[in-house]
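> I would like the atomic coordinates for the input below:
(chains A and B)
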Amino acid sequence: MKRHPSQSVLRQILDEPGAVPEPDRTHAASCASCRRHSEAMAADAAVAAAALTGANEAVDPVPALRRLRSAETGVVPPKPTLADLLRTGVQLAGRRTLRAGAILTVVVASMGALVATGVASDIIKIFQPESFVAVPIDITSLGTLPDLSGYGSVRVLQSPQGDMASSLAGAAQSSGLHLLTPGKLPSEIKGDPAFHVLSAGSASFTFSKAAASASADKFGKPLPALPATLDGSSLTLNGGPVVIETVGSQSSLGPFSVPKSGASGTAADNAHHGLLGGLGGIPQLVIVQMKAPVLYSDGPSVAQYEDALLSMPGVPASLASQVRALGDLSSTLPIPIPKSLASAHAADINGAPGLVIGDTTGIASGVVWQSHGLVYGVAGSLTDRQVVAIARSMH
Amino acid sequence: MVQAFEALFVAEYPKVVGVANRVLVDRAEAEDVAQEVFLDFHRRHSPTAPYAAAWLHRAAWHTALNRVRGRRRRERREELDAASGGEDGWSADPQRIAERNYDRDAVRSAMRKLPARAAGVLALRYSGLSYAEVGEAMGIGVGQVGTVLRRAEARLKREVQL
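Take a look at the predicted model:
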């Protein structure tokens, strides 16, 4: 008879079952003694919930920030900025195509965030991806797309700090995440796993009408009419921590470092930033586990942002129409998929909707899904079927 | 640095208000506590500090608990509010006001009587923080949160059902 889960684990199963190892959940569900304990805990929790969860009104930080400014003049400047952790992705991606893809992800994710949270303007919007949808794009059209600096200013507010961990447990402790591990791997994947931990990060993007106008000039087109509220409005994205597990290696690859970030980065920190450089090659399997990012906005309405971003010169008309056709993007993150290089289809990952992406040559595949507030990705030099099998074996 | 503070504020303010409100059972006073907590943090810490969120959550819990334990003028103000016909969109019906005040008083009284650790875990968890966030704010391991929470819930139940 397996040992009973601790009282703490039984209690956590009631709130965060996904954070508890599967064997404990299975035992708790099948053991009469554990069920009795759980029922008693649930009864007490119900009383506490009735007493303490009565006042769940939405809290708007914007007027609160104004109030703070008035209380402490000069401490906080007059304009709140907003962020975008995907900025980090933009920085990481040296190649033009990757950069364009990251930018597009930022754009559509931003719109998804705005659409996701409703209708009103001038309030903070929140977006957390729960599922993913592919948006096929023409890779050749991305070459003309300006990066985010063409529309305003991007600033890393809190740069993720990279570090290595010696084991899954070490990575879990360092990141604070409950990490899953894959079951049996395909025989061609050989080697010990390596764990890389990135701390939480935050970045902001502030829209500038002047910058957008300059970008439009490069295309020889006038800037479309924009709402006055758009100029100076900002987006903020908080993301991470992230744990990247790599297994095996195939060929040589140079160091691939997390960008240094202002005052918070040190030489010692940066010495540990290599994600792939220390492995001596491209890993055969990469497993990413991260806390779902959250996006905030302080400014224009949903319709204003969507219309403005999609009408910018340089944004392919086909992409704009595809994003518009997605309709309600509530909790859904569109992922641009270059048509000539990759394809995508949906797959169920233990009850969660996953998006499988494979390159057209069959060399590599990946799958991404979300569960219990964490975003997971599995990719490697494997077939679609293999990455899905690995994803489903995560426990 | 200022931008970082604003990002931190936007991300954490709702949570800080939520934690304080679970202890105070008073939204306006919870926002007062949140303002106090953020000002204090701003004066003493870097917004990029890795412990920023946990510090804010912990400070919200302690500040709110100090308030609810330290004085009674809020109760007196509520009595005046009830006499003047209600606020916050609640019905002005005297019976509703009486029920609401009974509930709020009972919860606030119970939270005041609980040990600080028990009141803290309840405020943190029922404001929506994850077990990992609760653990960080309380300085305990995630594996201990369930035990502390379970005991606190049992204690709260006894208090509110007396």
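
> now do the contacts for residue A:134.
Contact partners of residue A:134, counting by CB atoms under 8 Å, 6 or more residues apart in numbering or on different chains, are A:334, A:335, A:337, A:344, A:345, A:355, A:357. Where you see a C-beta, it was placed from the backbone N, CA and C, and this is true even at glycine.

> which residues does it bridge with?
Assessed by DSSP bridges, residue A:134 has beta-bridge partners residue A:335.

> least trustworthy helix or strand in chain B by mean pLDDT?
In chain B, the helix or strand scored least confidently by mean pLDDT, DSSP states H and E is helix B:73-83, which has a mean of 55.

> just the CA coordinates for stretch A:200-218, please, in CSV.
Coordinates of each C-alpha in stretch A:200-218 appear next as CSV, following Å, rounded to 0.1, in the frame of the first residue of the first chain:
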residue,chain,number,x,y,z
ALA,A,200,10.8,36.5,-14.5
GLY,A,201,11.2,39.4,-16.9
SER,A,202,9.2,42.5,-17.9
ALA,A,203,9.3,44.9,-20.8
SER,A,204,7.3,47.8,-22.0
PHE,A,205,6.4,49.2,-25.4
THR,A,206,5.2,52.8,-25.7
PHE,A,207,3.6,53.7,-29.0
SER,A,208,4.9,56.8,-30.8
LYS,A,209,3.0,58.5,-33.5
ALA,A,210,6.2,60.2,-34.7
ALA,A,211,8.0,56.8,-35.0
ALA,A,212,5.1,55.2,-36.8
SER,A,213,4.9,58.1,-39.1
ALA,A,214,8.7,57.8,-39.9
SER,A,215,8.2,54.1,-40.6
ALA,A,216,5.3,54.8,-42.9
ASP,A,217,7.5,57.3,-44.8
LYS,A,218,9.9,54.5,-45.5
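
> where exactly do the helices run in the stretch 201-350 of chain A?
Using DSSP state H, counting those that start in this stretch, the helices found in the stretch 201-350 of chain A span residues A:209-218, A:267-271, A:302-310, A:317-325.

> nope, chain B is what I meant
Along chain B, the segments classed as helices by DSSP state H run B:2-24, B:27-44, B:52-70, B:73-83, B:94-113, B:116-126, B:131-138, B:142-160.

> report the mean confidence score over stretch A:172-188.
The average of the pLDDT scores along stretch A:172-188 is 88.

> what score does residue B:128 have for pLDDT?
pLDDT recorded at residue B:128 is 86.

> hang on, it packs against residue B:18?
Yes - between residue B:128 and residue B:18 a contact is recorded at 6.0 Å, counting by CB atoms under 8 Å.

> which one's more surrounded, these two?
Neighbour totals were compared for residue B:128 and residue B:18, and residue B:18 leads with 25 against 14 (other CB atoms under 10 Å in any protein chain shown).

> what sits closest to that one if chain neighbours are left out?
The shortest distance from residue B:18 to any residue other than its chain neighbours is 3.3 Å, reached at residue B:127 (CB to CB, 6 or more residues apart in numbering or on different chains).

> if I pick that neighbour, what's in contact with it?
Residues near residue B:127 by CB under 8 Å, 6+ apart: B:15, B:18, B:19, B:21, B:22.

> how does it look with 7 Å?
Each residue near residue B:127 by CB atoms under 7 Å, 6 or more residues apart in numbering or on different chains is listed here: B:15, B:18, B:19, B:22.

> out of those, which is most surrounded?
Ranked by neighbour count (other CB under 10 Å), the contacts of residue B:127 have residue B:19 at the top, with 35 neighbours.

> could you dump the helices of chain B into JSON lines and include distance to residue A:286?
What follows is the helices of chain B, written out as JSON lines (distance: least, CB to CB, whole Å):
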{"stretch": "helix B:2-24", "distance to residue A:286": "28"}
{"stretch": "helix B:27-44", "distance to residue A:286": "37"}
{"stretch": "helix B:52-70", "distance to residue A:286": "28"}
{"stretch": "helix B:73-83", "distance to residue A:286": "54"}
{"stretch": "helix B:94-113", "distance to residue A:286": "47"}
{"stretch": "helix B:116-126", "distance to residue A:286": "34"}
{"stretch": "helix B:131-138", "distance to residue A:286": "24"}
{"stretch": "helix B:142-160", "distance to residue A:286": "26"}
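
> tell me the most buried of those?
Compared across the helices of chain B, helix B:2-24 shows the largest average neighbour count, a mean of 26 (mean count of other CB atoms under 10 Å in any protein chain shown).

> what is it packed up against?
Counting contacts by 3 or more CB pairs under 7 Å, 6 or more residues apart in numbering or on different chains; DSSP states H and E, helix B:2-24 packs against helix A:61-71, strand A:152-158, strand A:201-207, strand A:234-239, helix B:27-44, helix B:52-70, helix B:116-126.

> in JSON lines: those, plus distance to residue A:218.
As requested, the helices and strands packed on helix B:2-24 are exported to JSON lines (distance: least, CB to CB, whole Å):
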{"stretch": "helix A:61-71", "distance to residue A:218": "34"}
{"stretch": "strand A:152-158", "distance to residue A:218": "15"}
{"stretch": "strand A:201-207", "distance to residue A:218": "17"}
{"stretch": "strand A:234-239", "distance to residue A:218": "23"}
{"stretch": "helix B:27-44", "distance to residue A:218": "41"}
{"stretch": "helix B:52-70", "distance to residue A:218": "40"}
{"stretch": "helix B:116-126", "distance to residue A:218": "51"}
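
> for residue A:42, find the nearest of these.
helix B:116-126 (14.4 Å; CB to CB).

> count of neighbours near residue A:211?
So residue A:211, with other CB under 10 Å, has 18 neighbours.
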